[in-house]
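Trainee: no FASTA, just this:
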Ligand SMILES: CC(C)(COP(=O)(O)OP(=O)(O)OC[C@H]1O[C@@H](n2cnc3c(N)ncnc32)[C@H](O)[C@@H]1OP(=O)(O)O)[C@@H](O)C(=O)NCCC(=O)NCCS
């Protein structure tokens, strides 16, 4: 017993001494108490550890460092066959097809198929996909109950993020990695339903029954507004969905792929992506644009408003892009739709104001409008509530997220970059709590 005690004591002493040595607390203490030999030697960390720590004390400028890119700017982190974002040319292609052709000739359903299979469907394949999505729209009761009891003041993106995460708890397929694609399709079908139902629950409105005779965009408008969707409006939303479906290694896609790279489940990947898209530097910008237009109010206020923002080094939402250094090719497409819409059902002054803002930023800062700039006016003109704008982006982008997650898993490597430590270089002595 006495032996065991003294061994334990000696071991504790040795561990403390090691720590003192490592921290460089006092060389004299080390001299006075040389390391004990043969006591609990097997369990002690090897002496090498001390020297490893000492080498960390070399000033960083003398040590060769791996390359550093803040925000991973300009770093290629994966290979993809999905979207080709040609920043210098201002072009965007999905699986080799230019989006300018895709919006003219395809429906959003075809784009979902294209992204998931890397080829366009024939008629039979498209119908098969449409049937598959239409059958999978119903939400489990716990999600409907959650919407009833959840706070009514949360951002719809927060509700969507939480509902997707919650849905994963009720799906046993998450344990089976071969079900990733099936779950992905199920989420593509359910996201619009969740978004619309949360919104209507918050407004105290009834929940229109799920229908199986409408495609994705028309069905969302039916659920959101509770009335027969106008085919023209449904077509415009379908085009907006195509333009938002995928976009290289944007922040939300990146976070979805990071989560996938840990071999986590599809719900977790999409939850990560929604949380990332929510931010105003990413998908949240479309809501910020409409708030800005409302705040400006009149064309005569534009110049002064932008001057004021730029003077305070504030960002103008919907302007600028990390990759496009010319035009974001989605912006003119959405502008064209916005002009058509505002002539009939919206407020034309918003397009005029938007054009004025875009011109000022182009002339003064060489920055162009991005996808969120004109989509804000499109959604507003379609009667979609402002607080739902980013959710609409998520509904369209989920197809890209699912495709990117599946692509990640085809040739997976864990995402795990480095960070460069730039804090104090000398290991610090931890002062006792009462001495701080
Ligand atoms: C999208 C975005 C994050 C890309 O940013 P980035 O490539 O990291 O570029 P930075 O934020 O470093 O900006 C570079 C310069 O352009 C300026 N800039 C970029 N976007 C700007 C904007 N929207 N309004 C005003 N200035 C802007 C920055 O202030 C900075 O100027 P400085 O060098 O004089 O400091 C950025 O353009 C932005 O914040 N835009 C507004 C949000 C938005 O619309 N997001 C949706 C993107 S699809």
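Mentor: In hand now; what should we look at? All of these numbers come straight from a predicted model, not from anything done at the bench.
Trainee: Run through the residues that contact the residue nearest to the spatial centre of the chain.
Mentor: Most central in the chain under Cα atoms, centre = their mean is residue 252, positioned 2.0 Å from the mean C-alpha point. Listed by Cβ atoms under 8 Å, 6 or more residues apart in numbering, the contact set of residue 252 reads 272-274, 276-277, 282-283, 397, 401. C-beta: built from backbone N, CA, C; applies to glycine.
Trainee: and it, how far is that from residue 431?
Mentor: Residue 252 sits at a distance of 43 Å from residue 431 (criterion: Cβ to Cβ, to the nearest Å).
Trainee: And the residue of the stretch 301-436 of the chain that's closest to the ligand?
Mentor: Relative to the ligand, the nearest point of the stretch 301-436 of the chain is residue 320 (2.3 Å; Cβ to the nearest ligand atom).
Trainee: What's the local residue count around residue 161?
Mentor: Neighbours of residue 161 under the rule other Cβ atoms under 10 Å: 22.
Trainee: and what of the one 3 residues further on?
Mentor: Under the neighbour criterion other Cβ under 10 Å, residue 164 is assigned a count of 26.
Trainee: Give me the buried positions along whichever strand or helix holds it.
Mentor: Residue 164 is located in helix 156-169, with elements delineated by DSSP states H and E. For helix 156-169, burial by neighbour count (16 or more other Cβ atoms under 10 Å) applies to 156-168.
Trainee: Can you add pLDDT and distance to residue 331 and give the residues you listed back as TSV?
Mentor: Below are the buried residues of helix 156-169 laid out as TSV (pLDDT from 0 to 100; distance: Cβ to Cβ, whole Å):
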residue	pLDDT	distance to residue 331
156	97	24
157	97	22
158	97	28
159	97	29
160	98	25
161	98	27
162	98	31
163	98	31
164	98	29
165	98	32
166	97	35
167	97	33
168	97	35
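Trainee: Please identify which of the contacts of residue 252 is nearest to residue 143.
Mentor: Of all those, residue 143 sits closest to residue 274, with 14.7 Å by Cβ to Cβ.
Trainee: show me what contacts the nearest residue to that closest one once chain neighbours are set aside?
Mentor: Once flanking residues are discounted, residue 274 sits nearest to residue 161: 4.2 Å by Cβ to Cβ, 6 or more residues apart in numbering. Applying Cβ under 8 Å, 6+ apart to residue 161 gives the contacts 271, 274-275, 278.
Trainee: Now flag whichever of those is closest to residue 376.
Mentor: Taking Cβ to Cβ as the measure, residue 278 is the one of those closest to residue 376, at 15.7 Å.
Trainee: Let me know the pLDDT of the closest one.
Mentor: Note for residue 278: predicted pLDDT of 96.
Trainee: which bits of the chain sit near the ligand?
Mentor: Residues of the chain lying close to the ligand (Cβ under 6 Å from any ligand atom) are 281-282, 285, 315-322, 365, 367, 370-372.
Trainee: Give me the phi and psi angles of residue 97.
Mentor: Backbone geometry at residue 97, expressed as degrees, to the nearest 10, gives phi -100, psi 130.
Trainee: Relative to residue 86, how far out is it?
Mentor: Distance, residue 97 to residue 86, by Cβ to Cβ: 13 Å.
Trainee: Need the nearest residue in space to residue 96, chain neighbours excluded.
Mentor: Nearest residue to residue 96, sequence neighbours excluded (Cβ to Cβ, 6+ apart): residue 84, at 7.5 Å.
Trainee: Tell me the bridge partners for the one you found.
Mentor: residue 93 (DSSP bridges).
Trainee: Might you report the residue contacts of the closest residue to the ligand within the stretch 101-250 of the chain?
Mentor: Relative to the ligand, the nearest point of the stretch 101-250 of the chain is residue 250 (7.5 Å; Cβ to the nearest ligand atom). Contact analysis of residue 250 by Cβ under 8 Å, 6+ apart lists residue 282.
Trainee: which one is residue 222 nearest to, not counting chain neighbours?
Mentor: Counting by Cβ to Cβ, 6+ apart, the residue nearest residue 222 is residue 229, at 5.1 Å.
Trainee: my guess is that neighbour contacts residue 213, does it?
Mentor: No. Look at residue 229 against residue 213 with Cβ atoms under 8 Å: they stay out of range, at 11.1 Å.
Trainee: Please identify which of these two sits among more neighbours.
Mentor: A side-by-side neighbour count of residue 229 and residue 213, using other Cβ under 10 Å, places residue 229 first with 20 against 8.
Trainee: now the strands for this protein?
Mentor: Here the chain has its strands, by DSSP state E, at 83-86, 91-94, 97-98.
Trainee: How far does the first one sit from its chain's centre?
Mentor: This means strand 83-86. 18 Å (Cα atoms, centre = their mean, to the nearest Å).
Trainee: centre of the chain versus stretch 354-367, how much separation?
Mentor: Relative to its parent chain, stretch 354-367 has a centroid offset of 27 Å by Cα atoms, centre = their mean.
Trainee: residue contacts, residue 214?
Mentor: Contact partners of residue 214, counting by Cβ under 8 Å, 6+ apart, are 134, 222, 229, 234.
Trainee: Identify the farthest-apart pair in the buried residues of helix 156-169.
Mentor: Greatest spacing in those, by Cβ to Cβ: 156 and 168 (19.0 Å).
Trainee: ok so, going back, and of the contacts of residue 161, the nearest to residue 69?
Mentor: Using Cβ to Cβ, these come closest to residue 69 at residue 275, 23.2 Å.
Trainee: Show the pLDDT at that closest one.
Mentor: pLDDT, residue 275: 98.
Trainee: Skipping adjacent residues, who's closest to it in space?
Mentor: The shortest distance from residue 275 to any non-neighbouring residue, by Cβ to Cβ, 6+ apart, is to residue 161 (5.3 Å).
Trainee: Likewise for residue 323?
Mentor: residue 87 (4.0 Å).
Trainee: so that neighbour makes contact with residue 329?
Mentor: No. Judged on Cβ under 8 Å, residue 87 makes no contact with residue 329 at a distance of 10.5 Å.
Trainee: What's the end-to-end length of stretch 63-80?
Mentor: 34 Å (Cα to Cα, to the nearest Å).
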